[in-house]
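**Q** Below is the sequence, then the predicted model.
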2 protein chains.
Amino acid sequence: MAGDTSKIIPNIEEHESWKTFREYLTAQGLRVTQQRLAIFQAAYFSSDHYTAEDLLDEARKLDESVSRATVYRTLPILTESGLVKEVDIGKDYKFYMSNQGATTFKAQVINVDTDKIIEIDAPFMEWYGKAVAEKLNMEVVSQRLQIEAREVPSSQ
Amino acid sequence: MAGDTSKIIPNIEEHESWKTFREYLTAQGLRVTQQRLAIFQAAYFSSDHYTAEDLLDEARKLDESVSRATVYRTLPILTESGLVKEVDIGKDYKFYMSNQGATTFKAQVINVDTDKIIEIDAPFMEWYGKAVAEKLNMEVVSQRLQIEAREVPSSQ
DNA sequence: TTGGTTGCAAACAATTTGCATCTAA
DNA sequence: TTAGATGCAAATTGTTTGCAACCAA
């Protein structure tokens, strides 16, 4: 096996998310490969937002055989499984983040000076989207609220 | 895409927006060129969302010398002047729309099946973004609320 | 006159894809 | 065994840029 996968989080392979991921692959008729496992681990056990390129770097620390193409081919699997969330803030590349314990609707506050993304709860937004869609006789597939802001040069 | 705009609006060159655009160019030390005027007209007197490529097609109906490069170089001028608004819905190309009479905050409802974009008023969003940003000691630069939805297969 | 603008084509950058090889099942 | 998965490199696609010709002021 290329790359020990249990260095960062103790007993990481016993974490239930592993089971979820393996079962998802199997259920979809997809194979459980070393590369997919490495990419999953790097993607899911991350606490921040990352790009495909960031993910490639991290996954390679776990299995150096991982290629850029496989990262791009695996990301849709991760997002469709619900384990990872795609975050598009209007740049020419996408961000992703682990979807660990996601429940309530989140808005993103983007610091325009640093590009840092802060996720904040915005539970009532969910209701708002539904209400608007209903008026148009539509059903919500997804929604996002993004606020670009900059730090106030804290006076006094 | 909106058709030939000079047929819809009478005396189009007397519309005050022309003055605004020319004054904006001059104020910025930019030249008033035929190409910029054609792109402005195609961009501003359109009632729908359009891509850079759509805009190129429309602008060429007014001045066939307009090139793709000039469209891309003019779009930032139009958005910075406030005459045109950029709408990014997470696709790999951007949409734009005329900012005629825009006052209140708008949300976009995107029909995921047809890619049609519907703009709806969401005035309270403005307040919400400000409140959130304030809590983080930040000031809002811009915000967007997007709802992806699909038509309900109208029963009965 | 002359420095900003233009069209063209080449360059870019993120992402996708064709293909020969590899491997999970 | 064998169909699905991989790495590599080339292709794609929306957008940007270098440059010589052009033209608004």
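**A** Cool, got the structure.

**Q** Any regions of chain A where pLDDT drops low?
**A** Along chain A, segments meeting pLDDT under 70 span A:1-14, A:101-103, A:123-124, A:154-156.

**Q** how about the helices in it?
**A** With helices called from DSSP state H, chain A shows them at A:16-27, A:34-44, A:52-62, A:68-81, A:123-135.

**Q** Tabulate the ones you listed (a markdown table), appending mean neighbour count and distance to B:D57.
**A** Just so you know, the C-beta spots here come from the backbone N, C-alpha and C atoms, and that holds for glycine as well. As requested, the helices of chain A are exported to a markdown table (neighbours: other Cβ atoms under 10 Å in any protein chain shown; distance: least, Cβ to Cβ, whole Å):
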| stretch | mean neighbour count | distance to B:D57 |
| --- | --- | --- |
| helix A:16-27 | 14 | 44 |
| helix A:34-44 | 23 | 40 |
| helix A:52-62 | 18 | 32 |
| helix A:68-81 | 16 | 32 |
| helix A:123-135 | 16 | 32 |
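
**Q** Can you add distance to B:R36 and give those back as TSV?
**A** Shown next, in TSV, are the helices of chain A (distance: least, Cβ to Cβ, whole Å):
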stretch	distance to B:R36
helix A:16-27	52
helix A:34-44	45
helix A:52-62	37
helix A:68-81	39
helix A:123-135	37
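
**Q** would you turn those into JSON lines with distance to DNA strand D?
**A** Formatted as JSON lines, the helices of chain A follow (distance: least, Cβ to the nearest atom of the strand, whole Å):
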{"stretch": "helix A:16-27", "distance to DNA strand D": "7"}
{"stretch": "helix A:34-44", "distance to DNA strand D": "4"}
{"stretch": "helix A:52-62", "distance to DNA strand D": "9"}
{"stretch": "helix A:68-81", "distance to DNA strand D": "3"}
{"stretch": "helix A:123-135", "distance to DNA strand D": "26"}
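
**Q** For A:Y96, which residues are in contact?
**A** Neighbouring residues of A:Y96 by Cβ atoms under 8 Å, 6 or more residues apart in numbering or on different chains: A:43, A:49-52, A:55, A:75, A:78-79, A:84-87.

**Q** Is it bridged to anything, and to what?
**A** A:Y50, A:E86 (DSSP bridges).

**Q** how close does it get to A:V71?
**A** A:Y96 sits 10 Å away from A:V71, going by Cβ to Cβ, to the nearest Å.

**Q** The top strand by length along chain A and chain B, are they touching?
**A** Secondary structure of chain A per DSSP state E: the longest strand is strand A:138-151. Yes. Interface with chain B: strand A:138-151 contributes A:138-151 (Cβ under 8 Å from any Cβ of the partner chain).

**Q** again with stretch A:127-136
**A** Yes. Applying Cβ under 8 Å from any Cβ, one finds stretch A:127-136 touching chain B at A:128-129, A:132-133, A:136.

**Q** So what's the gap between that stretch and the chain middle?
**A** Its chain's C-alpha centre and that of stretch A:127-136 lie 26 Å apart, by Cα atoms, centre = their mean, to the nearest Å.

**Q** who's in contact with it?
**A** The contact list for stretch A:127-136 (Cβ under 8 Å, 6+ apart) reads A:139-140, A:143, B:107, B:109, B:118, B:120, B:122, B:145, B:147, B:149.

**Q** Of these, grab the buried ones for PyMOL.
**A** A single PyMOL command selects the buried members of these (16 or more other Cβ atoms under 10 Å in any protein chain shown):
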select buried, (chain A and resi 140+143) or (chain B and resi 107+109+118+122+145+147+149)
